[in-house]
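Student: Below: sequence and its predicted model.
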Amino acid sequence: MERYDQHVHSAYSFDSKERLEDECEAALQKGLQGITFTEHFSVDPLDVSYGVLRYDAYRQAVTDCQDKYRGRLHIGCGLEIGEPHLKKCEADLKQAVQSMQLDFIIGSIHNIGSVKLRNFQKGKTKDEIYTQYFQEILMMAETADIDVIGHLDLAKRYAFEVVGNYDFSEYRDRIAKILSVVIDRGLGIEINTSGWRNSVGVCYPSPEVIRLYHDLGGRYITISSDAHKNEDIASSWDRARQVLLEAGFDQYFYYEDRKPHAVSLRNETE
Ligand SMILES: [Zn+2]
Ligand SMILES: [Zn+2]
């Protein structure tokens with residue numbers, strides 16, 4: 001079975017110090033067939049990522065790694081764009097993305113109205129936090145030019161310590177609406193294993209959401225460590241695979257030139 005990790009950050013993101021080449025070495029050591037770099041990107045001046053990504057240097061560094069590891073490791077050049085649906089950023093973002101050569105775009109909600117999730121939740125009830133977060137995800141799913149939705153229920157990461165995790169049954173209909181839009185638009189979601197490394201202790205989104213996505217007809221799903229350090233590359237990869245198999249998936253995907261490619265989740269002997 002081929003293992004791809006589709007969500008990795010390097011020093012081209014504001015919150016990582018790793019060199020691409022070291023991460024490629026780590027990926028090989030962990031037995032991966034491929035990784036995709038997905039550096040943080042935003043055209044919102046209020047976002048922490050604004051102005052950080054030096055695209056030309058990043059693209060060149062990825063190309064150098066592709067040359068060096070050709071035949072040994074498949075390497076993708078991607079972005080994780082924060083709030084790609086914001087109207088005020090629409091024209092700037094479109095122009096920026098058009099000028100780049102990208103394999104993959106993750107759309108993520110890290111802020112609500114340019115306010116970080118951790119601050120946004122202050123003084124709000126549990127229901128306000130999750131309802132507004134999922135509303136923002138829905139707006140992104142409806143309009144943004146992305147390939148997959150990143151960590152679809154990330155709100156629980158910060159809300160967990162204050163108001164607790166959400167009860168899936170209470171938000172099932174809202175989440176089903178988001179997933180229906182994802183499916184109708186030919187987008188995908190990721191299973192992001194970083195939740196198992198955070199205090200919330202469960203992947204993003206939770207296994208119930210992944211099962212619902214499958215049952216609604218969802219097909220495109222990627223496996224993502226969201227590593228910001230070498231040692232986290234491919235973390236909990238087999239656990240993620242197990243969640244996907246239990247949800248009914250036989251395959252997952254990696255993206256090249258922004259097109260999905262299916263990879264079997266089964267071993268040849270299974
Ligand atoms: Zn993220
Ligand atoms: Zn990330």
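Tutor: Here it is on my side, so go on. Ligands and ions are numbered 1, 2, ... in the order given.

Student: For the residue nearest in space to the middle of the chain, grab phi and psi.
Tutor: Nearest to the mean C-alpha position of the chain, by C-alpha atoms, centre = their mean, lies Gly150 at 3.1 Å. Recorded main-chain torsions at Gly150 are phi -80, psi 150, according to degrees, to the nearest 10.

Student: Please apply the same query to His151.
Tutor: phi 20, psi 70.

Student: Now do the contacts for it.
Tutor: Contact partners of His151, counting by C-beta atoms under 8 Å, 6 or more residues apart in numbering, are 108, 157, 190, 192, 194-195, 204-205, 226. Quick note: C-beta positions are derived from backbone N, CA and C, even for glycine.

Student: again, 6 Å this time
Tutor: The neighbours of His151, taking C-beta atoms under 6 Å, 6 or more residues apart in numbering as the test, are 192, 204.

Student: pLDDT score assigned to it?
Tutor: As predicted, His151 sits at a pLDDT of 98.

Student: Look up which residues are beta-bridged to the residue nearest to the residue nearest to the centre of the chain when sequence neighbours are not counted.
Tutor: In space, and not counting its chain neighbours, Gly150 is closest to Ser108: 3.5 Å by C-beta to C-beta, 6 or more residues apart in numbering. Beta-bridge pairing for Ser108 (DSSP bridges): Gly82.

Student: okay, Ser108: pLDDT?
Tutor: You'll see Ser108 listed with a pLDDT of 98.

Student: Asp67 versus that one, what's the distance?
Tutor: Distance of Ser108 to Asp67, computed by C-beta to C-beta, to the nearest Å: 30 Å.
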